[in-house]
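Visitor: okay, here's the prediction I keep looking at, along with the sequence it came from:
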Amino acid sequence: MKILVLPGDGIGPEIMKEAVKVLDKVAKKYSLDLEMEYGLVGGASIDAHGVPLRDEVLNLAKESEAVLLGAVGGPKWEGLDYSVRPERALLTLRKELGLFANLRPAKVYGPLVDASTLKRDVIEGTDIMVIRELTGGLYFGTPKGVERLESGEERGVNTLVYTTGEIERIARVAFDVAGKRSKRVTSVDKANVLEATELWRRVVTEVHGDYPDIELSHMYVDNCAMQLVRYPRQFDVILTENTFGDILSDEAAMLTGSIGMLPSASLGGKGGMYEPIHGSAPDIAGRDMANPIAMILSVAMMLRYSFDRGECGDDIENAVGSVLENGYRTRDISQPGMKSVGCKEMGEAISKEVGA
Ligand code: IPM
Ligand code: MG
């Protein structure tokens with residue numbers, strides 16, 4: 001298993017350390033043959049080399065079977081031009097590796113129902129897979145940028161673009177994934193206003209013709225944002241555009257108690273990239289306060305999707321469940337009467353559980 005590990009910035013390195021600990025444990029238990037390389041990405045790479053992603057690291061990513069990524073970004077690099085910001089590294093990796101399908105599962109763990117800011121009866125039983133298109137839409141469309149007008153004013157532009165091919169391939173991923181779940185897809189758009197997403201709706205409907213056993217519904221993104229907190233159990237697979245998916249997956253994360261719980265898998269092209277959906281949390285970085293679970297669950301997704309070792313993924317997910325059951329809580333999911341732990345202790349508890 002050839003894996004490139006990119007810890008990144010902020011809490012990235014500390015959560016990655018725990019995730020690798022768990023991966024090592026699983027590797028020992030199942031005799032997996034790990035071949036891991038490390039690289040710098042984001043702000044860490046800017047500080048060392050002046051750019052957020054060196055060609056050398058990109059090539060390593062292309063040669064690997066999977067990439068594990070922590071998080072990138074932080075206030076230190078916010079003043080930089082967009083073309084050299086830490087986030088650019090992430091977008092370049094996604095684009096260059098052709099990872100157009102981003103799977104973001106939001107599942108409420110039983111022991112955490114009362115850790116959410118939402119009421120138990122709203123979130124209990126929630127199990128959603130957000131499928132976010134990752135290499136198109138508003139993030140990559142052109143024209144884009146900020147220009148100075150003759151009047152002296154500035155004008156900023158981003159463009160929401162999709163081709164039928166891009167929509168079709170992500171729709172197929174959604175229907176395939178739904179086939180292995182509760183067989184319901186909600187495609188989310190803003191077809192009442194945005195032409196590009198009207199095309200999205202039309203193409204998704206056409207592709208659906210090939211999947212008669214899957215139930216398809218369409219929803220406007222504003223309504224979806226509302227429905228997610230009103231009645232999340234109505235959703236199984238949510239299929240959506242890049243930016244909408246970015247926003248809705250953060251919202252879906254909070255149903256599970258904390259954004260620190262949600263892993264993701266980016267698939268479609270060569271290999272796969274696995275990262276938490278949360279950011280680098282510079283405010284708590286280096287203080288052993290972060291929740292490593294999203295990163296650890298990303299390792300589980302990697303074993304399942306890139307290496308077809310679903311049993312190893314299950315093992316990790318069960319270990320996370322047991323540790324939560326046993327009352328271990330990082331700060332973001334803290335509950336009265338539970339055992340408060342730091343990032344390291346949480347990672348160790350999960351790794352011990354995997355070894356059991
Ligand atoms: C995410 C993040 C990234 C995104 C940022 C860091 C570029 O928010 O993975 O959701 O917007 O895709
Ligand atoms: Mg995001």
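Guide: Structure's in. What do you need? Numbering: from 1, shown residues only. Ligands and ions are numbered 1, 2, ... in the order given.

Visitor: from here on, contacts and neighbour counts on C-alpha atoms
Guide: Noted.

Visitor: so what does the one residue in the stretch 51-200 of the chain that gets nearest to ligand 1 look like in phi/psi?
Guide: Distance from ligand 1 to each residue of the stretch 51-200 of the chain (CA to the nearest ligand atom) is smallest for E87, at 4.6 Å. Note on E87: backbone dihedrals following degrees, to the nearest 10 are phi -60, psi -30.

Visitor: quick one: it and G73, what's the gap?
Guide: Separation of E87 from G73 (CA to CA, to the nearest Å): 6 Å.

Visitor: which residues do those two both contact?
Guide: G42 (CA atoms under 8 Å, 6 or more residues apart in numbering).

Visitor: more neighbours, the two?
Guide: G73 (26 against 21; other CA atoms under 10 Å).

Visitor: do I have it right that the more buried one meets L90?
Guide: No. The criterion here is CA atoms under 8 Å, and G73 misses it with L90 at 9.9 Å.

Visitor: joint contacts of those two?
Guide: With CA under 8 Å, 6+ apart as the test, G73 and L90 both reach G42.

Visitor: sorry, back to before: got the contact list for the residue of the stretch 51-200 of the chain closest to ligand 1?
Guide: Going by CA under 8 Å, 6+ apart, E87 touches G42, P52, V72, G73.

Visitor: now R331
Guide: By CA under 8 Å, 6+ apart, the neighbours of R331 are M289, A290, N291, S340, V341, G342.

Visitor: name the SS class of the third one, please.
Guide: When the structure is reduced to helix, strand and coil (DSSP: H, G, I helix; E, B strand; the rest coil), N291 reads as coil.

Visitor: nearest spatial neighbour of E124, skipping sequence neighbours?
Guide: V113 (6.3 Å; CA to CA, 6 or more residues apart in numbering).

Visitor: distance of the closest residue to V161 other than its chain neighbours from V173?
Guide: Leaving aside its chain neighbours, V161 sits nearest to G137 (4.8 Å; criterion: CA to CA, 6+ apart). Between G137 and V173 the distance is 17 Å, computed by CA to CA.

Visitor: who has more neighbours, those two?
Guide: The neighbour comparison of G137 against V173 (other CA under 10 Å) goes to G137, with 23 against 20.

Visitor: how about the more buried one, what does it touch?
Guide: Applying CA under 8 Å, 6+ apart to G137 gives the contacts T159, L160, V161, Y162, E241, N242, T243.

Visitor: surely the second one and L138 touch.
Guide: It stands for L160. Yes. At 4.1 Å, L160 counts as touching L138 under the criterion of CA under 8 Å.

Visitor: which parts of this structure are helices?
Guide: Counting by DSSP state H, the chain has helices at residues 12-30, 43-49, 55-63, 86-96, 120-123, 164-179, 195-208, 221-230, 242-255, 293-305, 310-325, 343-355.

Visitor: from these, which stretch is densest packed?
Guide: Of all the helices of the chain, helix 293-305 carries the top mean neighbour count, a mean of 27, counting by mean count of other CA atoms under 10 Å.

Visitor: neighbours of L194, how many?
Guide: 12.

Visitor: got the residues of the chain near ligand 1?
Guide: Residues of the chain lying near ligand 1 by CA under 6 Å from any ligand atom: E87, D246, I277, G279.

Visitor: was I right to think the second one contacts R132?
Guide: Meaning D246. Yes. Taking contacts as CA under 8 Å, D246 lies within contact range of R132: 7.3 Å.

Visitor: who's in contact with the residue lying closest to G156 once chain neighbours are set aside?
Guide: Leaving aside its sequence neighbours, G156 sits nearest to V146 (CA to CA, 6+ apart; 4.2 Å). Residues in contact with V146, defined by CA under 8 Å, 6+ apart, are E154, R155, G156, V157.
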